[in-house]
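Visitor: any chance you can model this:
(chains A and B)
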Amino acid sequence: MALKQVSSNKCFEGFQKVFEHDSTELKCKMKFGIYLPPKAETAKCPVLYWLSGLTCTEQNFITKAGFQQAAAGHGLIVVAPDTSPRGCNIEGEDESWDFGTGAGFYVDATEEPWKTNYRMYSYIKDELPKLINANFPTDPERMSVFGHSMGGHGALILALKNPGKYKSVSAFAPICNPIQCQWGKKALGGYLGPDASKWEAYDATQLVKSYSGSRLDILIDQGKDDQFLSAGQLLPDNFIAACTEQKVPVVFRLQQASCFCSPWLGYDHSYFFIASFINDHIKHHAKYLNA
Amino acid sequence: FYHMDLYGSKERFDIFPEELSGRGDRSLGDTRRESALSSEKVQRPQEVGYDLEKEVAELAKMYGLDEDREKELELLEGHLEKVESRWPSARTEKAGSQGFIYNTSKSSSLLKDPSQSTKQQGLPEEASQGENQSKARADDEAESNIWSREGLSSSGMSDEWNSQAVLEEEEEEEEEEAADVFCSTCKIPIRAFDKLFGEHKDHEVAQLPSAVESEKEAIHKNMCKLEEQIAQMENVASHLEEIFITVEENFGRQEQNFEVHYNDAVQVLAQKYEEQLEALGEEKRQKLETLYEQLVNCGKHLDTCKELTDETQELFLENDKAEFMKTLIFSPHNYRLEEFLKKEVNLELSTQPDFEERVIDVSEVEQLMNSINATPAPCAPVINPQAPNAATGTSLRVCWGLFSDDTVECYQLCYKPVSNERHSDEQAEHTLKVKETYCTITGLLPNTQYEFWVSALNASGISPPSERAVYVTAPSPPTIKNKRIQSCENAALVCWESRDINPVDSYTVELSKLTDEENDIITESIVGIPNCEVLIHLQPTQKYHICVRAQNLGGSSERSEPVLIHTTGTCFYLNDDTAHPLLAILDDGFTISCDELENPECDLPVYDNSFTRCIAILGSLIPFPGKHYWEVEVEEDTEYRTGVAFENTPRHGHLGANNSSWCMRHIITPSRHKYEFLHSGMTPDIRITVPPRRIGILLDYENCRLSFFNADIAQHLHTFNTRFQHYVHPCFALETPGILRIHTGITTPPWTAL
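Guide: As a prediction, this is how the structure comes out:
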């Protein structure tokens, strides 16, 4: 579990670093970004895991979201892993942008040829936290997860499948009901096989229907003019309906410009949207992680 | 004046600084004084010579030692000449200041044994004089150095002191080895040599320093005694001064008394004398008049007699007999004469020369005199103005005094309430008799003015009444408006009402912090509050008892009933003035309900300040910056608005529809619960999966935020980030029939912090 530092940059009195390591779960070299707040020099800090969306690497979030200031302020370590195994030489892994490389979908694949490497669910759930806790001044008892799009899906299923493991969860424009959308059907079908009933184990909307764990406070932000929302890829309404049914507390905010100057244009799916509300999410997690 | 003399004078300093400077510089300094005394003849500088000479001469004369005098003078002069040559300049400097101290020291020694000591010591020491002088000459230069040193070191002292100290030093240096023991018999310091071989051989001696110590101790004791006596005498003197004044006053009073009474007596006597004299004069006048009248009558009678006699004689002269008879019979004269003779002549005195017996009546004066010695009716007493804190709500303590020495058996105190109304005469006057010069009247009305006057009574009568004095009773305790208390963690706004009709001067608020230890109650007061409300700064999470007193000239009222304030969280009350007519506040004061939305049948009264459109009510929140948190309990199917609004938010509009209110709105659409967070009619699009049953509202002026929470699950719902330009008040509105329960006094939960 040797870590190799790829880069390190001072940022808001702390450090934004990138490390590379050999993943046992994924059987390849994996990179992750980690932000160490100034507080980490003297104390153990909670860890907040960020799961990125389709096509992303560890770089997108750490370079575009502008989360470091808030993380420094609240004393949170933020870990941003890659979105899939890379360089595994699996046939067809680079064929499309929404499957294979950059689209691990945070599941443990059961189908050939993916099942050896594409174990992102276990990687995020077990291997990565172990690695982080072993190498950084963390408080293993306090961790949370959040993500964007496919990463939002990942965050939701990780929280819902592991009650109590994460203190809080939030998401930007998550894929809420993958078994109902094109992206989900393609990915889940590819990784898990054609039996749609197996997919439900990785579907947030399905998971929440049977959720009975410790209380979760879910914050979801959704851009109103997100093209994937209108394309039916995200389906937050299904998730909200299920949560309402199950009385799982969610605050879902459909974000649009709230003043007259913008002609009713809402936020889209980009990191600009994420950057606009990242502080609210950091605060949301800090409330539980620092409680 | 004692202080001046004893502590400010130079004589006192003579003793101490001299010793101090000596002690500081030289170990033998203590002996200086003694050596100066013992060797005065040999050592005395020339400037002293004159005094010495004169004094010796006087003393010698006194003791009849004239024959010795010449010898001594020779001796002295010889010495003086020698010394003079040594001290050419020093002399003029020091002459003035030195005289007195040597005079005193010398005279003390001389008085003991003047001729002996001079003679006996003079002779043996003369032999060693030459030796001393040569030594002194050798020391000359060194001494001049010491002078300047002394002058510098004792710069705090006066010039006199410098020079004197220097002088003493010179003497002592010359004589240093001379005296080292003290002869108790002769009371002089001597040299040990003298003890062994000299005249002091058989005398009792002590080591000089110890002798000095004991003497000083004795002096010190005496000084203390003297100081005590001074203090005592000062007291006596000031007391005597007071006695002087009292004597003067008593004299004046007696003198006035005499003057008044003797003048009265003299006046009465003078009046009596006048009256008597007048009566006497009148009697005299009447007597004289009567006598005069009698005399006049006598004269008239006489005239008539004469006239009749003449006429009769004429008749006699008639020679004709017939004629005579005729005339005699028919003449009127004849008739007149007969008539006249018939009249009796009253020859008695009409009045007596003696005057009536007049008694000199001094009974009145006697009475007056008796009344002086007995008790006169007293003078009018003087009633005091009201003393502070001499009043309670129902009682007044009235005091008066008598400025004369009149004997008074009791006083008659009258009072009645002061009334501005015309028919104030109807107000009953109360009268009571009091032995003392004060009285506490009870059973009065609070915060009311009463007029008092007092007369003194004794056996001789009643004095005129005093001036009238107006006293005022203390106010009634105010009543704190229990349901109008607004508080938060750091302050409380308390208001109260006066129970009196008349205005009071001010109010005092007393607050006691209740601690766990029962006896440790910290109380502080806020005084001079002009209005019926006050904002009090408090500490968080404490319990306070607060009560109010009203204050007027008469004093302060009793405490009001205390109110208990917990500074655990923000407490406000619902301002029913603002309530929409359809909105009802239940008995607990914090539950609002609306039974029906429309009631066209009856015209419900609408107050000026009440909401007319939105079925809403405002709370009254303490105007205090910081954080305020409260909760609203709602039913799941109740449609409501709740949040904050400026006090002047439009009453005809909906909460949240304008820029003077911020609120969360819950409505039920066919598909779902819809939550809006409204300000200026705009809301973000937010969906909440779990309908809150208990809404937590955090108003944080300092961080410019208003946040809404699902308090049951600590879920943050929405935050308005806004800098409130004024203080806001909680607002609540119902849009469907239902109830809202408001909870105040809640500690701000930690999860509200973001």
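
Visitor: use CA for all of it now, contacts and neighbours both
Guide: Will do.

Visitor: which parts of the stretch 351-500 of chain B are helices?
Guide: Using DSSP state H, counting those that start in this stretch, the helices of the stretch 351-500 of chain B run over B:363-373.

Visitor: how about chain B?
Guide: Counting by DSSP state H, chain B has helices at residues B:2-7, B:10-25, B:32-38, B:40-43, B:46-62, B:66-86, B:90-112, B:114-153, B:159-175, B:192-197, B:208-316, B:321-330, B:332-342, B:363-373.

Visitor: what's the closest non-adjacent residue to B:E409?
Guide: B:N458 (4.8 Å; Cα to Cα, 6 or more residues apart in numbering or on different chains).

Visitor: get me the contact residues on chain A for chain B.
Guide: Residues of chain A lying close to chain B (Cα under 8 Å from any Cα of the partner chain) are A:217, A:240-241, A:243-245, A:247-256, A:258, A:283-284, A:286-287, A:291.

Visitor: hmm, try it at 6 Å
Guide: A:243-244, A:247, A:249-254 (Cα under 6 Å from any Cα of the partner chain).

Visitor: which of these sit farthest apart?
Guide: Spanning the widest gap among the residues of chain A next to chain B are A:K247 and A:L254, at 19.8 Å by Cα to Cα.

Visitor: quick check, pLDDT for the residue nearest to B:W453 when sequence neighbours are not counted.
Guide: Nearest in space to B:W453, with sequence neighbours left out and distances taken as Cα to Cα, 6+ apart, is B:R468 at 4.8 Å. pLDDT recorded at B:R468 is 88.

Visitor: do the same with the one 10 residues further on
Guide: Per-residue confidence at B:P478 stands at 90 (pLDDT).

Visitor: again, but for B:L152
Guide: 46.

Visitor: with B:G122 instead?
Guide: So B:G122 comes in at 43 (pLDDT).

Visitor: likewise for B:V494?
Guide: 91.

Visitor: wait, what's in contact with it?
Guide: Shown in contact with B:V494 (Cα atoms under 6 Å, 6 or more residues apart in numbering or on different chains): B:485, B:533-534.

Visitor: contact partners for B:T683?
Guide: B:676-677.

Visitor: got the residues of the stretch 601-750 of chain B near chain A?
Guide: Near chain A, when you scan the stretch 601-750 of chain B using Cα under 6 Å from any Cα, you find B:685-690.

Visitor: can you do 10 Å?
Guide: When proximity is defined as Cα under 10 Å from any Cα of the partner chain, the stretch 601-750 of chain B approaches chain A at B:672-673, B:682-692, B:710, B:713-718, B:750.

Visitor: can you select the buried ones from the residues you listed in PyMOL?
Guide: With 16 or more other Cα atoms under 10 Å in any protein chain shown as the criterion, this PyMOL line picks the buried residues out of those:
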select buried, chain B and resi 673+682+683+684+685+686+687+688+689+690+691+692+710+713+714+715+716+717+718
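
Visitor: quick check: B:Y411 vs B:S463, distance?
Guide: Distance from B:Y411 to B:S463, counting by Cα to Cα, to the nearest Å: 9 Å.

Visitor: weed out the non-buried ones from the residues of chain A next to chain B.
Guide: Buried by 16+ other Cα under 10 Å: A:243-244, A:247, A:249-254, out of the residues of chain A next to chain B.

Visitor: so which of the residues you listed sit within strands?
Guide: In this view, those that belong to strands under DSSP state E are A:250-254.

Visitor: what touches both of B:Y411 and B:S463?
Guide: Residues touching both B:Y411 and B:S463 (Cα atoms under 10 Å, 6 or more residues apart in numbering or on different chains) are B:381, B:454-457.

Visitor: any chance of those in JSON lines, with pLDDT, distance to chain A and neighbour count too?
Guide: Listed next are the shared contacts of B:Y411 and B:S463 as JSON lines, based on pLDDT from 0 to 100; distance: Cα to the nearest Cα, whole Å; neighbours: other Cα atoms under 10 Å in any protein chain shown:
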{"residue": "B:P381", "pLDDT": "87", "distance to chain A": "80", "neighbour count": "23"}
{"residue": "B:V454", "pLDDT": "90", "distance to chain A": "78", "neighbour count": "29"}
{"residue": "B:S455", "pLDDT": "89", "distance to chain A": "81", "neighbour count": "25"}
{"residue": "B:A456", "pLDDT": "88", "distance to chain A": "83", "neighbour count": "30"}
{"residue": "B:L457", "pLDDT": "86", "distance to chain A": "85", "neighbour count": "23"}
